[in-house]
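S.K.: just the structure for this:
(chains A and B)
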Amino acid sequence: VSTYSTLITGLCRVGRLPEAWGVLECMLEQGCRPMVHTYTPIVQGYCREGRVGEAMDLMAMMEKCAGCPPNVVTYNVLIRALCDAGQFNEVKQLLTESRTKGWTPSIVTYNTFMNGLCQKGKAKEALVLLGVMLGKGLDPTDFTLSILLNCLCHASRISHARYLLERSTSSRWYAGVVAYNTVMGRLCEMGHWRGVLKLLTDMIKKGVMPNTRTFNIVIRSLCIGRKCSAAKSLVCNKGFAANVVTYNTLIDWFFYHRKLSEVGHLLSDMAAGKIAVDEVTYTIFVVRLCRDGNFAKASSCFLKSLENGLSMDLLGVLINRLAYSGKIPETIRIFQNMRERKGLSLDNSIFDLTIERFCRAGYCHDKYIHNLNSILDAMLGKQ
DNA sequence: GTAGGGTTAG
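M.R.: Numbers count the residues shown, from 1 in each chain, chains lettered A, B, ... in the order given. This is a model prediction of the structure:
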């Protein structure tokens, strides 16, 4: 059963739910009884696709027919999905019913709920929930502290967050690297780059080891503080393991200030360090090239990202820029180029997206309708 | 290495 469950987990993680169901059927045929470890990943698979109704149906089936009722982990998966959908009343309902349904909310349940509230701007309610949780005798974990600090940062109570960090030395509220990263990230966002450096020294003094994320926040902070050369030497001296985020941060910064030779150096450093560029790298290039009016180069950059097997998400960014600059021939040329290259499919979703972006840019007005028509012709493959 | 859940960076 653990072999089958592992396989089902893997299939669900990559969104191959029909095959996961196939494996489930197969194990039933073999007389191998599924357990809660087998069903929960499928529940999560539905949740990830936003099919919360189907997830709940499956949980009802587990309870009534399969003789393996959902447990706290299954409920936590469902609660995460309900939070993402903003259905907080349903979550509260689940918690009040938990006793009769035979499961007990855990620290993870409360962490999930508090984080969900915080993500939707309900930091205050999250802090109330913290009180409820402590009242039940549940001990906070390092996750709880990070979620709580995130809540405080979003509620613009950053000084409260810093106060907690400074005092968090007890084992009950231990501030680890993630806790520091949370507050440092928020300070960086607000432009308080000196505060970021202060926390970096604090954490090192306390014996909390910074990780790559920490350094990436520090690097961005140094850039904001106009200490780009310090940022660059931190990377060059290999004081930490730089990754694609590190390079994207620096590339965006130098590109923004039009220091293209620096961008070139960074790209060759990446190649030398065997760090592959990703969607974000290409997005930086496309956005910056469009800003400088270099739409042809931006388009070829997008096509290159497709050749490298990256997703279509960047097309929305590019089309948006083209639409707002009224670049219809360039848009049509992208379709032609995509048609010419094998394996690149032009489907309705691409056309929907294009029309939507052009309309939003004002092209649904009568006087521009012939311009839209030329795009429609290109979609139909007419010259 | 030991089947499923919760946090942070571009």
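
S.K.: tell me how far A:Gly10 lies from DNA strand B.
M.R.: With distances taken as CB to the nearest atom of the strand, to the nearest Å, A:Gly10 is found 9 Å from DNA strand B. Backbone N, C-alpha and C define where each C-beta goes, glycine included.

S.K.: pLDDT on stretch A:13-33, on average?
M.R.: What stretch A:13-33 shows for mean pLDDT is 92.

S.K.: quick one: that stretch to chain centroid distance?
M.R.: 28 Å (CA atoms, centre = their mean, to the nearest Å).

S.K.: just the C-alphas of it, formatted as CSV.
M.R.: The C-alpha trace of stretch A:13-33 is given here as CSV (Å, rounded to 0.1, in the frame of the first residue of the first chain):
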residue,chain,number,x,y,z
ARG,A,13,1.8,16.4,-7.6
VAL,A,14,2.3,16.9,-11.3
GLY,A,15,-1.4,17.2,-11.9
ARG,A,16,-1.9,13.7,-13.5
LEU,A,17,-5.1,12.9,-11.6
PRO,A,18,-6.7,10.5,-14.1
GLU,A,19,-3.6,8.3,-13.9
ALA,A,20,-3.7,8.5,-10.1
TRP,A,21,-7.2,7.2,-10.2
GLY,A,22,-6.0,4.4,-12.6
VAL,A,23,-3.4,3.3,-10.1
LEU,A,24,-6.0,3.3,-7.3
GLU,A,25,-8.2,1.1,-9.4
CYS,A,26,-5.3,-1.2,-10.1
MET,A,27,-4.5,-1.6,-6.4
LEU,A,28,-8.1,-2.4,-5.7
GLU,A,29,-8.0,-5.1,-8.4
GLN,A,30,-4.9,-6.5,-6.7
GLY,A,31,-6.8,-6.7,-3.4
CYS,A,32,-4.6,-4.0,-1.8
ARG,A,33,-6.7,-1.8,0.4
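
S.K.: go through it and flag the buried ones.
M.R.: Residues of stretch A:13-33 classed as buried: A:Leu17, A:Ala20, A:Val23, A:Leu24, A:Met27 (neighbour count, 16 or more other CB atoms under 10 Å).

S.K.: could I get those residues as TSV with distance to DNA strand B?
M.R.: As requested, the buried residues of stretch A:13-33 are arranged in TSV below (distance: CB to the nearest atom of the strand, whole Å):
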residue	distance to DNA strand B
A:Leu17	14
A:Ala20	12
A:Val23	13
A:Leu24	13
A:Met27	11
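
S.K.: from these, which two are the most distant?
M.R.: The largest separation in the buried residues of stretch A:13-33, counting by CB to CB, is between A:Leu17 and A:Met27 at 15.7 Å.

S.K.: neighbouring contacts of stretch A:224-235?
M.R.: The contact list for stretch A:224-235 (CB atoms under 8 Å, 6 or more residues apart in numbering) reads A:188, A:191, A:193-194, A:215, A:218-219, A:222-223, A:240, A:242, A:246-247, A:250, A:253-254, A:262, A:269.

S.K.: what's the first helix or strand after the helix or strand encompassing A:Cys118?
M.R.: Using DSSP states H and E, A:Cys118 sits in helix A:107-119. Going down the chain from helix A:107-119, the next helix or strand is helix A:123-135, by DSSP H and E.

S.K.: tilt between that next one and helix A:107-119?
M.R.: Using axes from the mean of the first three to the mean of the last three CA atoms, to 10 degrees, one finds that helix A:123-135 and helix A:107-119 are set 160 degrees apart in direction.

S.K.: helix or strand right after helix A:123-135?
M.R.: Next element after helix A:123-135 (DSSP H and E): helix A:142-154.

S.K.: what lies in contact with that following helix?
M.R.: With contact meaning CB under 8 Å, 6+ apart, helix A:142-154 is reached by A:107-108, A:110-111, A:114-115, A:117-118, A:121, A:123, A:126-127, A:130, A:140, A:158, A:160-161, A:164-165, A:168, A:173-176, A:178-179, A:182-183, A:186.

S.K.: again with stretch A:111-124
M.R.: Here stretch A:111-124 makes contact (CB under 8 Å, 6+ apart) with A:76, A:79-80, A:82-84, A:86, A:88, A:91, A:95, A:125-126, A:129-130, A:133, A:141, A:143-144, A:147-148, A:150-152, A:154-155.

S.K.: now do the buried residues in that stretch.
M.R.: Within stretch A:111-124, the residues scored as buried using 16+ other CB under 10 Å are A:Asn111, A:Thr112, A:Phe113, A:Met114, A:Asn115, A:Gly116, A:Leu117, A:Cys118, A:Gln119, A:Lys120, A:Lys122, A:Ala123.

S.K.: ok, A:Ile328 - contacts?
M.R.: A:Ile328 makes contact with A:Leu322, A:Asn371, A:Ser374, A:Ile375 under the criterion CB under 8 Å, 6+ apart.

S.K.: so where's the stretch 101-250 of chain A uncertain?
M.R.: For the stretch 101-250 of chain A, applying pLDDT under 70 flags the ranges A:169-171.

S.K.: return the residues of it in contact with DNA strand B.
M.R.: Proximity of the stretch 101-250 of chain A to DNA strand B, by CB under 7 Å from any atom of the strand, involves residues A:106-109, A:111-112, A:115, A:141-144, A:146-147, A:150, A:177-179, A:181-182, A:185, A:188-189, A:212-213, A:216-217, A:220, A:243-245, A:248-249.

S.K.: buried among those residues? Make that a ChimeraX selection.
M.R.: Typed into ChimeraX, the line below selects the buried ones among those, using 16+ other CB under 10 Å:
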select /A:108,109,111,112,115,143,144,146,147,150,177,178,179,181,182,185,188,213,216,217,220,243,244,245,248,249
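
S.K.: might one say that A:Val91 is in contact with A:Ala81?
M.R.: No - using CB atoms under 8 Å, A:Val91 makes no contact with A:Ala81, being 9.9 Å away.

S.K.: neighbour count winner among those two?
M.R.: A:Ala81 (25 against 22; other CB atoms under 10 Å).

S.K.: so that one makes contact with A:Glu49?
M.R.: No - using CB under 8 Å, A:Ala81 is not in contact with A:Glu49; the gap is 9.6 Å.
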